[in-house]
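Visitor: Attaching a predicted model along with its sequence, questions to come.
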4 protein chains.
Amino acid sequence: MLSFACDYLEGAHEKILQRLIETNYEKVPGYSADKYCESANERIKQACECPAAEVYFLVGGTQTNAIVIDTMLQRYEGVIAATTGHVNVHEAGAIEHAGHKVLTVPSYQGKMKAADVRSLLQGFWQDGSHEHMVYPGMVYLSHPTEYGTLYSKQELTDIAEVCHEYQIPLYLDGARLGYGLMSKSTDLTLADIARICDVFYIGGTKVGALCGEAAVFTKQNMPKHFNTLVKQHGAMLAKGRLLGIQFDTLFTDNLYFEIAAHAIRMAEKLKAGFKERGYSFHLDSPTNQQFIILSNEQIEKLSGKVTFEFWEPVDETHQVVRFATSWATREEDVDALMALLDELVN
Amino acid sequence: MLSFACDYLEGAHEKILQRLIETNYEKVPGYSADKYCESANERIKQACECPAAEVYFLVGGTQTNAIVIDTMLQRYEGVIAATTGHVNVHEAGAIEHAGHKVLTVPSYQGKMKAADVRSLLQGFWQDGSHEHMVYPGMVYLSHPTEYGTLYSKQELTDIAEVCHEYQIPLYLDGARLGYGLMSKSTDLTLADIARICDVFYIGGTKVGALCGEAAVFTKQNMPKHFNTLVKQHGAMLAKGRLLGIQFDTLFTDNLYFEIAAHAIRMAEKLKAGFKERGYSFHLDSPTNQQFIILSNEQIEKLSGKVTFEFWEPVDETHQVVRFATSWATREEDVDALMALLDELVN
Amino acid sequence: MLSFACDYLEGAHEKILQRLIETNYEKVPGYSADKYCESANERIKQACECPAAEVYFLVGGTQTNAIVIDTMLQRYEGVIAATTGHVNVHEAGAIEHAGHKVLTVPSYQGKMKAADVRSLLQGFWQDGSHEHMVYPGMVYLSHPTEYGTLYSKQELTDIAEVCHEYQIPLYLDGARLGYGLMSKSTDLTLADIARICDVFYIGGTKVGALCGEAAVFTKQNMPKHFNTLVKQHGAMLAKGRLLGIQFDTLFTDNLYFEIAAHAIRMAEKLKAGFKERGYSFHLDSPTNQQFIILSNEQIEKLSGKVTFEFWEPVDETHQVVRFATSWATREEDVDALMALLDELVN
Amino acid sequence: MLSFACDYLEGAHEKILQRLIETNYEKVPGYSADKYCESANERIKQACECPAAEVYFLVGGTQTNAIVIDTMLQRYEGVIAATTGHVNVHEAGAIEHAGHKVLTVPSYQGKMKAADVRSLLQGFWQDGSHEHMVYPGMVYLSHPTEYGTLYSKQELTDIAEVCHEYQIPLYLDGARLGYGLMSKSTDLTLADIARICDVFYIGGTKVGALCGEAAVFTKQNMPKHFNTLVKQHGAMLAKGRLLGIQFDTLFTDNLYFEIAAHAIRMAEKLKAGFKERGYSFHLDSPTNQQFIILSNEQIEKLSGKVTFEFWEPVDETHQVVRFATSWATREEDVDALMALLDELVN
């Protein structure tokens, strides 16, 4: 059966597996003090054109969000996010579990607007009773968003300016960062993101790795005793080499960018295919997640032949569904999907 | 350079890497809903001779301890541990981070005694002011302990009886469980442990895996909505297959036990070698960690040739150091270590 | 200077102070195990016509909300509240500090609608990915709301029905409950509230007491070991008599209701006075808080003569301000306020 | 019936009740922004001879401990306390509830020794693996201790020196501070304590108040946005006047010290009485709590005539019990107790 259900269906890029085998019997220190983590760290700083950056490898996205947000906020602070933000909806309350409120601004196809962030911050600081309220202490956004959409360089810069005016950090969740950077519609480079944001993470899990995210603190602002805080969150990996080797491989010879570009090509092909066949889109996504409107009848006919994810109902007879491509998507599978669509109408 | 610094110096058993490659392009669901997790789950239940067990795969030991303890305790409860217990000393306060106190009983070479546990519980329940105290809600012990020592079947049963008398669960931290089960001195089988304990975990990270621990709830007592609780702790792995494949491999054809037995053979050889050469031991460890007393002079001479871990000072001129073997220890390295020791005296 | 800034400007009803003096040298046990707490408990159960109720005295409103919500929720659950709910806005993140998310529904002049609650619950339970989301575990509402508005018996019953359909408790924050019960517009009695809600609290701080709120668990549902949980929250009062004596006095000879009725009479007079003089109201409040629209010029003229609270801007030249009456408001002060208003136009 | 069960049996000093009545109808701002809090604050700073001190009024002792410790520690830090310290034993895990570990040093009749604190700190900072351990971030001690014992000026200074060498604050829990300061055996004044400690609290609940503790930050070290942190802990009192008026009264005309001195005189008389009659003491307490060894037979005979607190068993036929005096103890009650003792032997 075909599957476009998500972008973490397969294992890892084969070069990563190859490296794991090659290095397997080397004895290296634990807890990311090994040479592979060090090398990956250096390569990422170079790719970010940010020599002062501090890079820390963690295992998963929710974990990274929970730790970065908890450790960069003061106790009296919460994090600003779009209502649709991953930390606000799909992390089982991990942010609140660590004691912090998510303060929401409206979502426009997954994105927040600088004006709304400014309005929240202005309102807070003007309001005399702010001592009884949670201090807004950080802005969180995902790029690409949960809806596959992207911020432009201007939009991201505008949000950063609001943050810096109010002296709070801007944090970018890059679970799918590769797919954002390789989108044909973006004007943001990795170096731009490192320059504009105070902290962000480069997602590995969804872009070629078995697991792993690289948190990048760009302003010499990694929280003090971060290792201990990570351990306290139960997130320190004994064999840190597993993360180091993966990111070292992904950031050698542009692998991360090349495999992300492949996913984008597959998404573009899939998108064009649906368009040619007259399908409607829930929104115009420039990345690897495509949100398409299907009738219940179409869904039924595709059932058992291809998997995808239900997103939200449109009306009683139509649904928004998500088709995702990834670094591992085979072109022949996209072709097969198109053939399936053609069968539907016959 | 030789290294016996710890038991997580290398990657993973090659059969695991082989399986990762073989299965790499299979598309499977995320979050441990894949067939490898299911198969591993079944194999572990069989190995435990506990068909009713519920098995859950997590990434690391501190994470597993923090989650199991937090989710099985009520808010007003703390966990009883030996003063030397890993959760009391070396987890950066992860248990307290989730809101629970560690209540301590004396440690005897890393082990607790049933009598001390009973005494704590009796004292609590007799004391009229217990409403102002933390309720003892669970017993935590590690097996092998942090000192490489083992509980006998009788000792473990005695502790379990105290627990059940007071209706609290017994939790066994099996970070190095394989090395305990394969020790020549043990009378405890995996099935015994599954029968005696309410919950325990089978350590993968230190016994052949890249990462991963298998939490086993033996009494249909997995906390409700455990998936959500795991997610909330930032511990849910998107590509759960990474854990499933590893444990499925480890529990196929007795691999877990065989590789653990190898580590024990290496430890026995190392122990015998030190003994023959007249070295003193800090304690008599029947598992893969050996605690040897070296003079500062000996340490200096070995420096740069072999790595080991400093444990604690004996006096101004001597130290307890730890030599650990593992599934990956090569016999030639033990021989080389012995040759080094022989050089010291020449 | 006149003041209508809030409803906690004065100390306590003089009968309470009198009782404190009369009982001062009686030696009674600490931690609310005294006869005054016992008597107050009985009187409240009678007033609620709920003999099975369990009553617990706490010091303040945020404290009561934080403890009730934290101890009645499971770790994986959050609390549903209106966006304007006190727990969502003005408690400095006390709910999140204890690890729980506030899940919001729209606010209509401070009130939530049963349909919105149902919609949130339906959406959650239909969505297959709910394991990655916070479980909705309780409904919180305030009555009167932060905007002085009231639920009708039908509205409250409808919300309770949704709660019970989804088997989650309904919690009513009664910080100003007295003023709600004595409003001329209400059809809800204290007995109704005790019958309809699973837990609620009767506010003392704003209705005649120096401090103190009486949490009422109506369905034999006080969390186990509640004393210990309260102590853990730092909320157990050594001299519980202070709370017992106050509530015992308030619930003797209808004092609580009579003093609340006085506040309502004063509010009605104030409201009528503003109306007669042609002022606009932000909304039609049937309780002791009146939200009036003043021009900046009016505000300036009143400044230094009467205090009130700024609520929110209407436009560049007008503000919503709040005038609150209380059990302690003197009729002559309302008259003086009206005289001030008359001066404004001369 | 006579009672010496604890030092919070009665209400408040009558001058406090008188002030509550006198000020009752004054309209003052909430949340401790009133003139009584301000005046009390000034008087306390004067009594402490510490003009730079920042004073904050809270309701109870466990609450004060939980908030001071949580807000002065970093997330990766725990608090050092004697094994018998109130925060380690009798606060239901309130410190851990806020995420911090209590790190223990031995208790000598309730006191800690500077040498043990130094040893813990040295051990931590020498140990290379401290990243996996909780950082010791504060020293907590109670004065008088839970056993009624007192630190000498030299002992307290020694502990402070260790703290300052390791750059962590010294926090003194003064739940019964008045009784310590008025003890005949002490060489510590309130000004000494303010000079030596970084933060401490002056207990009101046990020394004349209905409730209330005054936290004193002596080194311009009150945590940022402390109001918000207090609110987040559910500890902010709406009618802060209740605390302000009480402490303002206690620190007017030496009332706090005079009523504490009375309790000490009563304790000395009681102690002398037991001594004359040949009773043994568990330890030699110089403050208002006296720990006396009674036989079970004596306990039975006194039962129903006088109440006291069971402390701990001595052997099968004897118990340590506590008799406490307070600001409210009447001399005639001590006489009556002695008469009871005389009856026992007839």
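Guide: Received the coordinates, thanks. Numbering: from 1, shown residues only, chains lettered A, B, ... in the order given.
Visitor: which residue sits closest to residue A:37, ignoring its sequence neighbours?
Guide: Nearest in space to residue A:37, with sequence neighbours left out and distances taken as Cβ to Cβ, 6 or more residues apart in numbering or on different chains, is residue A:244 at 3.3 Å. C-beta: built from backbone N, CA, C; applies to glycine.
Visitor: Could you pull up the residues touching that neighbour?
Guide: Contact partners of residue A:244, counting by Cβ atoms under 8 Å, 6 or more residues apart in numbering or on different chains, are A:32, A:34-41, A:57.
Visitor: Tabulate the residues you listed (JSON lines), appending neighbour count, secondary structure and pLDDT.
Guide: Output for these, formatted as JSON lines (neighbours: other Cβ atoms under 10 Å in any protein chain shown; DSSP: H, G, I helix; E, B strand; the rest coil; pLDDT from 0 to 100):
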{"residue": "A:32", "neighbour count": "26", "secondary structure": "coil", "pLDDT": "96"}
{"residue": "A:34", "neighbour count": "23", "secondary structure": "coil", "pLDDT": "97"}
{"residue": "A:35", "neighbour count": "15", "secondary structure": "helix", "pLDDT": "98"}
{"residue": "A:36", "neighbour count": "23", "secondary structure": "helix", "pLDDT": "98"}
{"residue": "A:37", "neighbour count": "25", "secondary structure": "helix", "pLDDT": "98"}
{"residue": "A:38", "neighbour count": "14", "secondary structure": "helix", "pLDDT": "98"}
{"residue": "A:39", "neighbour count": "17", "secondary structure": "helix", "pLDDT": "98"}
{"residue": "A:40", "neighbour count": "26", "secondary structure": "helix", "pLDDT": "98"}
{"residue": "A:41", "neighbour count": "22", "secondary structure": "helix", "pLDDT": "98"}
{"residue": "A:57", "neighbour count": "27", "secondary structure": "strand", "pLDDT": "98"}
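Visitor: pretty sure residue A:310 belongs to a strand, no?
Guide: Yes: counting by DSSP: H, G, I helix; E, B strand; the rest coil, residue A:310 is part of a strand.
Visitor: Could you give the bridge partners of it?
Guide: For residue A:310, the beta-bridge partners are residue A:321 (DSSP bridges).
Visitor: contacting residues for the residue of the stretch 151-300 of chain A found nearest chain C?
Guide: Chain C sits closest to residue A:175 of the stretch 151-300 of chain A, with a gap of 13.3 Å, by Cβ to the nearest Cβ. Going by Cβ under 8 Å, 6+ apart, residue A:175 touches A:61, A:86, A:142, A:201, A:203, A:205-206, A:213.
Visitor: How about it: what's its closest non-neighbour residue?
Guide: residue A:203 (4.0 Å).
Visitor: ok, that neighbour to chain B distance?
Guide: If you measure residue A:203 against chain B using Cβ to the nearest Cβ, to the nearest Å, the figure is 10 Å.
Visitor: Please list all residues in contact with that residue.
Guide: Going by Cβ under 8 Å, 6+ apart, residue A:203 touches A:61, A:174-178, A:213.
Visitor: State the pair within the residues you listed that is farthest apart.
Guide: A:61 and A:178 (13.5 Å; Cβ to Cβ).
Visitor: So for the two, which residue has more residues nearby?
Guide: Remark: of residue A:61 and residue A:178, residue A:178 carries more neighbours, 31 against 28, as counted by other Cβ atoms under 10 Å in any protein chain shown.
Visitor: Any buried residues in stretch A:80-91, and which?
Guide: Neighbour counts over stretch A:80-91 (16 or more other Cβ atoms under 10 Å in any protein chain shown) mark A:80-82, A:84-91 as buried.
Visitor: Just the ones in strands from these, please.
Guide: Among the buried residues of stretch A:80-91, the ones falling in strands (DSSP state E) are A:80-82.
Visitor: Now tabulate these in a markdown table and tack on pLDDT and distance to residue D:321.
Guide: Listed next are these as a markdown table, based on pLDDT from 0 to 100; distance: Cβ to Cβ, whole Å:
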| residue | pLDDT | distance to residue D:321 |
| --- | --- | --- |
| A:80 | 98 | 57 |
| A:81 | 98 | 57 |
| A:82 | 98 | 62 |
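Visitor: can I get the residues you listed in JSON lines with distance to chain C?
Guide: Below are these laid out as JSON lines (distance: Cβ to the nearest Cβ, whole Å):
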{"residue": "A:80", "distance to chain C": "13"}
{"residue": "A:81", "distance to chain C": "12"}
{"residue": "A:82", "distance to chain C": "14"}
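Visitor: now, among those, which is nearest to residue A:114?
Guide: Lowest distance from residue A:114 to these (Cβ to Cβ) belongs to residue A:80, with 11.3 Å.
Visitor: who does that closest one bridge with?
Guide: On the basis of DSSP bridges, residue A:80 is bridged to residue A:103, residue A:139.
Visitor: dump the residue contacts of it.
Guide: Listed by Cβ under 8 Å, 6+ apart, the contact partners of residue A:80 are A:102-105, A:112, A:117, A:120-121, A:136, A:138-140.
Visitor: biggest separation within those residues, which pair?
Guide: It's A:102 and A:121 that sit farthest apart of these, by Cβ to Cβ, at 15.2 Å.
Visitor: Quick one: name the residues of the stretch 151-300 of chain A near chain D.
Guide: A:224-225, A:227-229, A:231-232, A:236 (Cβ under 8 Å from any Cβ of the partner chain).
Visitor: Just the element for the closest residue to residue A:4 other than its chain neighbours, please.
Guide: Nearest non-adjacent residue to residue A:4, counting by Cβ to Cβ, 6+ apart: residue A:323, 4.1 Å away. Under the criterion of DSSP states H and E, residue A:323 resides in strand A:318-324.
Visitor: who's in contact with that strand?
Guide: By Cβ under 8 Å, 6+ apart, strand A:318-324 touches A:4-7, A:270, A:282, A:288-296, A:299, A:308-314, A:337.
Visitor: which of these count as buried?
Guide: Judged by 16+ other Cβ under 10 Å, buried ones among the contacts of strand A:318-324: A:4-7, A:270, A:282, A:288-294, A:308-309, A:311, A:337.
Visitor: quick one: buried residues of the strand or helix carrying residue A:201?
Guide: Assessed by DSSP H and E, residue A:201 sits inside strand A:199-203. Neighbour-count burial for strand A:199-203 flags A:199-203 (criterion: 16+ other Cβ under 10 Å).
Visitor: Quick check: residue A:294 is in a helix.
Guide: No: applying three-state DSSP, one finds residue A:294 to be strand, outside a helix.
Visitor: Tell me, how many residues neighbour the nearest residue to residue A:328 once chain neighbours are set aside?
Guide: Spatially, and ignoring its direct neighbours in sequence, residue A:328 is nearest to residue A:10 (4.1 Å; Cβ to Cβ, 6+ apart). Counted with other Cβ under 10 Å, the neighbours of residue A:10 add up to 21.
Visitor: got the phi/psi numbers for residue A:10?
Guide: phi -100, psi -180 (degrees, to the nearest 10).
Visitor: which residues does the residue of the stretch 201-346 of chain A found nearest chain C contact?
Guide: As assessed by Cβ to the nearest Cβ, chain C sits closest to residue A:310 within the stretch 201-346 of chain A, at 7.4 Å. Each residue near residue A:310 by Cβ under 8 Å, 6+ apart is listed here: A:319-322, C:128.
Visitor: Equivalent analysis for residue A:211, please.
Guide: Here residue A:211 is in contact with A:59-60, A:204-205, A:242-243, A:246, B:59, B:237-239, B:242 (Cβ under 8 Å, 6+ apart).
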